[in-house]
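Q: coordinates for the following, if possible.
(2 chains)
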Amino acid sequence: MDWWIWLIIALAVLAAVASSVVALQARRRSGSVIVAGRRSQAGRKGGRT
Amino acid sequence: MSTYLRAREISQEPVVTLAGEDVARVKDVVFDPMRGSITCFTLSGRGLLAGPLKRALLWKKVHALGPDAVMIRDESSLEEDDEAARERIEAPGGGSVIGARVMTEEGTALGTVNDVIIETSGTPKVIGYEVGPATRTDRTVFLPVIKPKSVSGEMMVVPAATADFTAGDPAGLPAAAEGLRRRLEQEA
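A: Predicted coordinates:
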């Protein structure tokens, strides 16, 4: 195949990888609204029971 | 004047120092459902390729919470690690409240939590929940939260009278909460 076809394929793969990384990071960045759990009595008293 | 924010709107807000430096983005809003107070924020980095940060912002270090940014004094207000936030999130009962079912103590499903409404006049406090349709209701409503029996990432159990005091928008929540408070006092 001509060299420019390989170039186009390489660019397409690069673009796909870049967009996947951006999408993955965007998903990792997306947040939520979290209920704080109940800490145990032992935890609040510094480990005393 | 009271301003009402949806907690999901706070997520992705920039964290800005009083010197005008944009240091992070809010990722998760962590709140105490029994006290109705915001506990802390988890953070993510800025920019397209940034992921979550291993730092947290405790509420006591927040200078102001506005509709467009969370203001802090300087970057030292951020915790060096996210241990304090993870401790609260990973404790029993912790988890995302979005999608949690709202159930009365008599066993009637009122819907699922779409968002948490925060009143920002003075110290911000959680004043209610935006609840999506359940089988018995066919519209999104706003429920005041007073004395919830329990709240977790899966289920919120509320007094039965809560179903009688819904609001059509966040601004109607204080009046609905007042009505519910009076009813609960009468029932006590």
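
Q: could you check which residue of chain A lies nearest chain B?
A: Here the residue of chain A nearest chain B is A:G37; by Cβ to the nearest Cβ that distance is 2.8 Å. Heads up, the C-betas are built off the backbone N, CA and C, glycines and all.

Q: so who does that residue touch?
A: Counting by Cβ atoms under 8 Å, 6 or more residues apart in numbering or on different chains, A:G37 touches B:R88, B:I89, B:E90, B:A91, B:P92, B:G93, B:G94, B:G95.

Q: tell me which element B:A85 falls in.
A: Secondary structure from DSSP states H and E places B:A85 in helix B:83-90.

Q: now do the buried residues in that helix.
A: Buried residues in helix B:83-90, defined by neighbour count with 16 or more other Cβ atoms under 10 Å in any protein chain shown: B:A85, B:R86, B:E87, B:R88, B:I89.

Q: ok, residues contacting it?
A: A:34, A:36-37, A:39, A:43, B:28, B:30, B:39-42, B:56, B:58, B:79, B:94-95.

Q: then stretch B:51-60?
A: So stretch B:51-60 is contacted by A:25, A:28-29, B:15, B:24, B:26-27, B:37-45, B:70, B:72, B:77-86 (Cβ under 8 Å, 6+ apart).

Q: can you flag the buried ones in the residues you listed?
A: Counted by 16+ other Cβ under 10 Å, the contacts of stretch B:51-60 give A:25, A:29, B:15, B:24, B:26-27, B:38-45, B:70, B:72, B:77-79, B:82, B:85-86 as buried.

Q: which strand residues bridge B:I38?
A: B:F31 (DSSP bridges).

Q: thought it was touching B:L5?
A: No: assessed by Cβ atoms under 8 Å, B:I38 is found out of contact with B:L5, at 10.5 Å.

Q: which residues do these two both contact?
A: Common neighbours of B:I38 and B:L5 (Cβ under 8 Å, 6+ apart) are B:L65, B:I118, B:P124.

Q: out of these, the closest to chain A would be?
A: For these, the nearest to chain A is B:I118 (9.6 Å; Cβ to the nearest Cβ).

Q: how about the closest one, what does it touch?
A: Each residue near B:I118 by Cβ under 8 Å, 6+ apart is listed here: B:Y4, B:L5, B:R6, B:A7, B:I10, B:I38, B:L65, B:P124, B:K125, B:V126, B:I127.

Q: just the ones of these in helices?
A: Per DSSP state H, helices hold the following members of the contacts of B:I118: B:A7, B:I10.

Q: who does the residue nearest in space to the middle of chain B bridge with?
A: For chain B, B:V116 is the residue whose C-alpha lies nearest the centre (Cα atoms, centre = their mean; 4.3 Å). Per DSSP bridges, the residues bridged to B:V116 are B:Y129.

Q: now it: how far from A:V33?
A: Distance of B:V116 to A:V33, given as Cβ to Cβ, to the nearest Å: 5 Å.

Q: all strands of the chain, in order?
A: By default, I'm working from chain A. A:33-35 (DSSP state E).

Q: nope, chain B
A: According to DSSP E, the strands that chain B contains are B:4-6, B:14-17, B:22-32, B:37-44, B:52-58, B:62-65, B:70-72, B:95-96, B:101-104, B:109-119, B:125-132, B:141-144, B:150-151, B:155-158.
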